[in-house]
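> 3D, please:
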Amino acid sequence: MSHVLRYIGISHQTASVSARESFCISETLRRSLSKSIAAAFSDVHGLVLISTCNRTEIYFESQSTKAAEVRDFFVRSVGVCNEDESRGFFELSDNTSDTADRLMQVANGLQSAVVGDKQIISQVKEAYQFCLAQKQQGSLLERLFQAVFKSHKRIANESHYRSGSTSTAYCSLRLIEKALGKAALPGKNLLIIGAGEIARDVVSYLGKFDFGRVYIANRTSDKAADLAQKHGLVPYDWELVEAGQFEHFDAIITAVSNRQYLLQKPAVTQARQVIVDLGFPMNVHPTVGAAAKLYNIDDVSGQITRTDQLQAGALAKVKVIIKEELDLFMDWVEKGDKRKIIRKFKAEVEITVAESLKQHNNTSFSRDRQQAIIQTLSRKMTNKQAAFLMGQA
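Okay, the predicted model is just below:
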């Protein structure tokens, strides 16, 4: 039985932020899941787990194990209260073409809350590197990821798809500007909490916004200090963050991974603070919204309209490129059975030639010469068989 690519996924399109939080895959959970899924389903030979603020998806390669089986196993592993309701949040596919198309669209930001999101590709690459480290890439998945990365490169080189500011980081700053008033920004203080990829993306857009002073804090102080030095920011002590000392900030952007409810109490200020929570799980407790203007990742994404993100022509070009790379990948998949026949044929040819040489063992051929004859004849015969099977004869 041939292997099939399959996926399960929960995203901003199917579930709320709180529901998605229940299925967020931390580094620890990813390690245990990669082992437990492989142990529970012996025919799963490829496995990639992708988790971001907007989605959690599992792509895998198997002979008979269905997507619904892995979904149910995942739901049980996470330990949610209502398993029946949770199953309804997931999208499923047991079709190689649909799964490949899904991953290409996800990796290129077509399924993101902010279409064209620039951060998703690095998250996909990181998930793939983890998969490689666990030796769980599988032949189909490995080939698919090469097609995904090729499509991403082509889109960058052949379209204007990423020419705009379509990241959640930029959208967050624009949302704060709108809430505080553009003219008032020079008198406002902004605190960025975190120094990871999302925080660095926020910092990269600061030049477009005229804040009075921008502070940055991170658990690893060296990372915050490095960003502060490079971009003219002010380091803020992490202990003050832990203590909830935020009174003199007009706006806060949080982007800390795996730190739920880092901000638990509202800061008492004369003017209402604007807080944008880009962390996942959420860094800010919902009760903080009683005293501050609190926005989560879905609120940020909802501020951007499709026409703001892309020009129709660029999006059309992106879809053409994805279709071309998907067709090439599926052509490779469909020829997989023929490649198996060719490999088997080659092995049989080598055995036949070797046995024939044994029957003429009184010749003066050395062992190396015999091996060379076997390889030459098998290569010639295999090439002819391949040309016939692949329709090139």
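> where in the stretch 151-300 of the chain is pLDDT low?
162-166, 268-270 (pLDDT under 70).
> Strands of that one, start to end?
Taking DSSP state E, counting those that start in this stretch, the strands of the stretch 151-300 of the chain run over residues 189-193, 213-217, 234-235, 251-254, 274-277, 293-295.
> do the same with the stretch 1-150 of the chain
Remark: strands assigned in the stretch 1-150 of the chain by DSSP E, counting those that start in this stretch are 4-11, 46-51, 55-62, 91-93.
> the domain parsing of the protein - what is it?
Structural domains annotated on the chain: 4-164+311-334, 168-303, 338-389, as defined by automatic domain parsing.
> Would you mind giving those domains as JSON lines with mean neighbour count added?
Yep, even glycine has a C-beta here, placed from its N, CA and C like the rest. Converted to JSON lines, the domains of the chain look like this (neighbours: other Cβ atoms under 10 Å):
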{"stretch": "domain 4-164+311-334", "mean neighbour count": "18"}
{"stretch": "domain 168-303", "mean neighbour count": "18"}
{"stretch": "domain 338-389", "mean neighbour count": "13"}
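> possible to save the strands of the stretch 1-150 of the chain as a markdown table with mean pLDDT and distance to Val276?
Shown next, in a markdown table, are those (pLDDT from 0 to 100; distance: least, Cβ to Cβ, whole Å):
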| stretch | mean pLDDT | distance to Val276 |
| --- | --- | --- |
| strand 4-11 | 95 | 20 |
| strand 46-51 | 94 | 21 |
| strand 55-62 | 95 | 20 |
| strand 91-93 | 96 | 28 |
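> any chance of the strands of the stretch 151-300 of the chain in TSV, plus distance to Ala100?
Shown next, in TSV, are the strands of the stretch 151-300 of the chain (distance: least, Cβ to Cβ, whole Å):
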stretch	distance to Ala100
strand 189-193	37
strand 213-217	40
strand 234-235	45
strand 251-254	35
strand 274-277	33
strand 293-295	35
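> Which one of those lies nearest to Tyr59?
With Cβ to Cβ as the measure, strand 274-277 is the member of the strands of the stretch 151-300 of the chain nearest Tyr59 (28.0 Å).
> And the contacts of the closest one?
Contact partners of strand 274-277, identified using Cβ atoms under 8 Å, 6 or more residues apart in numbering, comprise 172, 175-176, 179-180, 250-254, 263, 283-284, 288, 292-297, 300.
> residue contacts, Asp201?
Asp201 touches 118-119, 167-170, counting by Cβ under 8 Å, 6+ apart.
> Quick check: Arg154 touching Glu325?
Yes - the pair Arg154 / Glu325 is scored as a contact, 7.3 Å apart, by Cβ atoms under 8 Å.
> okay, Ser34: pLDDT?
As predicted, Ser34 sits at a pLDDT of 94.
> sorry, that was for Ser64
Per-residue confidence (pLDDT) for Ser64: 95.
> From Ser151, how far off is the nearest residue to Ala271 once chain neighbours are set aside?
In space, and not counting its chain neighbours, Ala271 is closest to Asp250: 6.8 Å by Cβ to Cβ, 6 or more residues apart in numbering. Remark: distance between Asp250 and Ser151 (Cβ to Cβ, to the nearest Å) = 42 Å.
> same question, Arg76
On the measure of Cβ to Cβ, Arg76 and Ser151 end up 34 Å apart.
> and what of Glu239?
According to Cβ to Cβ, Glu239 and Ser151 sit 45 Å apart.
> try Val284
From Val284 across to Ser151, the span is 36 Å (Cβ to Cβ).
> Show me the beta-bridge partners of Phe60.
Arg6, Leu47 (DSSP bridges).
> hang on, isn't it packed against Ser34?
No - assessed by Cβ under 8 Å, Phe60 is found out of contact with Ser34, at 10.3 Å.
> between those two, what contacts are shared?
Shared contacts of Phe60 and Ser34, counting by Cβ under 8 Å, 6+ apart, come down to Leu47.
> quick revisit: could the strands of the stretch 1-150 of the chain go into TSV alongside distance to Asp101?
Formatted as TSV, the strands of the stretch 1-150 of the chain follow (distance: least, Cβ to Cβ, whole Å):
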stretch	distance to Asp101
strand 4-11	10
strand 46-51	15
strand 55-62	12
strand 91-93	9
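> closest to Leu141 out of those strands?
Here strand 46-51 is closest among those (Cβ to Cβ), at 3.7 Å.
> what's in contact with the closest one?
With Cβ under 8 Å, 6+ apart, strand 46-51 has contacts from 3, 5, 23-26, 30, 33-34, 37-38, 56-61, 106, 123-124, 127-128, 130-131, 134, 136-142, 145.
> Now for Phe145: which residues touch it?
With Cβ under 8 Å, 6+ apart, Phe145 has these contacts: 48, 103, 128, 137.
> Relative to Ser16, how far out is Phe89?
Taken as Cβ to Cβ, the span from Phe89 to Ser16 is 9 Å.
> if I pick the residue nearest to the spatial centre of the chain, what's in contact with it?
Centroid-nearest residue in the chain, with Cα atoms, centre = their mean: Val124, separated by 2.6 Å. Residues near Val124 by Cβ under 8 Å, 6+ apart: 50, 103, 106-107, 148.
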